[in-house]
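Asks: Here is my input; please provide its structure:
(one chain, ligands or ions: 1)
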Amino acid sequence: MPELPEVEVTRRRIEPLLVGRRIAKVGTTRPSYFFLTPPARLARELPGAVVRGLERRGKYLLAQLDDGRRLLLHLGMTGQLFAENASSPRLLSARRRAALRPEEQRGFAPDRHTHLRLEFDDGGPALFFRDVRKFGKVRLLRPGESDPRLDKLGVDALSATGDDLFAAARKRKVPIKTVLMDQGVLAGVGNIYADEALFLAKIRPRRPAARISRQEAKALVAALQKVLLRSIETGGSSISDYVLPDGSDGAYQDERRVYARAGEPCLVCGTRIKRISIGARSTHFCPGCQR
Ligand SMILES: [Zn+2]
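Replies: Below you'll find the model as predicted:
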């Protein structure tokens, strides 16, 4: 599932591709829960608009249009946002991929999972939004209009402070990991980075949130931002279907210290990494390092 770093990496790569370009034509798949704005309306109302910027809020992207409207995009579980000239074997089915010679495993033509296609009047590369499982979202917002999904978000994880987390955590009896992943507290934190941050801050994921000290909250937010920034720097995680907008794979999964390492020795103390379940999410920690 794309988390904040993957969405931010996508934003940084896609923004230069969009800014200053006028949308000429919109292609979509049929109406479905993917489209919060009916696809026919997108096809009718987007052409002519010039993209002024691409913003990120938590795991949401917002394309700013020149007339004040905004196009809200969410990658869901398997969303991929990339330029027409992207090339990656990940974009093909396993069978088609296997049938290709390496030099042929390039280029991408829109398929039935490509739910949104933006073409521009300069004739340059189109933008594709592909999503196999279709948990992604697209919505066109009128000037000044918001979306309840955005209104619910807390402070973005990259600009949060330890005090933000401490203030939210002190009132809660749930495990600290649950608060860390609450999008209404810190927007953008998902399972991988929550586990990694708790490990770096030496805090057990099941500790009751209300028992986290202000110092620990500060250490935890600092650790969280460290892993998020490092992941952005290395291009995000490529677990599952995530693919960089240019088609290459992210590299962060090679730096995981606890996530998906259950049973393996801790890189710091050698204790076996434990896997438990918190709020139905798999959770990984080191019983030796984390208190
Ligand atoms: Zn350890």
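
Asks: ok, now how distant is the residue nearest to residue 210 when sequence neighbours are not counted from the ion?
Replies: Leaving aside its sequence neighbours, residue 210 sits nearest to residue 170 (Cβ to Cβ, 6 or more residues apart in numbering; 5.5 Å). Quick note: C-beta positions are derived from backbone N, CA and C, even for glycine. Residue 170 sits 27 Å away from the ion, going by Cβ to the ion, to the nearest Å.

Asks: Was I right to think residue 170 contacts residue 211?
Replies: No. Contact between residue 170 and residue 211 fails when scored by Cβ atoms under 8 Å: they sit 9.0 Å apart.

Asks: Mind checking which of the two has more residues around it?
Replies: residue 170 (15 against 11; other Cβ atoms under 10 Å).

Asks: and the more buried one, what does it touch?
Replies: 209, 210, 212 (Cβ atoms under 8 Å, 6 or more residues apart in numbering).

Asks: can you pull out the strands in the stretch 51-200 of the chain?
Replies: 51-57, 60-65, 70-74, 79-83, 114-120, 127-131, 137-141, 155-156, 186-187 (DSSP state E, counting those that start in this stretch).

Asks: Let me have these in a markdown table, extended by distance to the ion and mean pLDDT.
Replies: Converted to a markdown table, those look like this (distance: least, Cβ to the ion, whole Å; pLDDT from 0 to 100):
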| stretch | distance to the ion | mean pLDDT |
| --- | --- | --- |
| strand 51-57 | 33 | 96 |
| strand 60-65 | 35 | 97 |
| strand 70-74 | 35 | 97 |
| strand 79-83 | 35 | 89 |
| strand 114-120 | 43 | 96 |
| strand 127-131 | 37 | 93 |
| strand 137-141 | 39 | 97 |
| strand 155-156 | 30 | 96 |
| strand 186-187 | 25 | 96 |
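
Asks: Make TSV out of the ones you listed and add mean neighbour count.
Replies: Putting the strands of the stretch 51-200 of the chain into TSV (neighbours: other Cβ atoms under 10 Å) gives the following:
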stretch	mean neighbour count
strand 51-57	18
strand 60-65	21
strand 70-74	22
strand 79-83	25
strand 114-120	21
strand 127-131	23
strand 137-141	19
strand 155-156	16
strand 186-187	25
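
Asks: Tell me which of those sits nearest to residue 29.
Replies: strand 114-120 (4.6 Å; Cβ to Cβ).

Asks: how close does residue 215 get to residue 132?
Replies: 44 Å (Cβ to Cβ, to the nearest Å).

Asks: Of those two, which one has the most company?
Replies: Legend: neighbour count by other Cβ under 10 Å for residue 215 and residue 132, higher for residue 132 (16 against 10).

Asks: would you turn the strands of the stretch 51-200 of the chain into TSV with distance to residue 175?
Replies: Listed next are those as TSV, based on distance: least, Cβ to Cβ, whole Å:
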stretch	distance to residue 175
strand 51-57	26
strand 60-65	26
strand 70-74	26
strand 79-83	29
strand 114-120	36
strand 127-131	31
strand 137-141	28
strand 155-156	21
strand 186-187	15
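
Asks: Nearest approach to residue 43 belongs to which of those strands?
Replies: That would be strand 114-120 among the strands of the stretch 51-200 of the chain, by Cβ to Cβ, at 9.8 Å.

Asks: Now for the protein, the helix or strand with the poorest mean pLDDT.
Replies: Least confident helix or strand, the chain: helix 94-99 with a mean of 53, by mean pLDDT, DSSP states H and E.

Asks: Low-confidence regions, the protein specifically.
Replies: Flagging of the chain using pLDDT under 70 yields the residue ranges 87-107, 236-254.

Asks: Can you name the residues of it that neighbour the ion?
Replies: Applying Cβ under 5 Å from the ion, we find that the chain lies next to the ion at 266, 268, 269, 271, 286, 288, 289.
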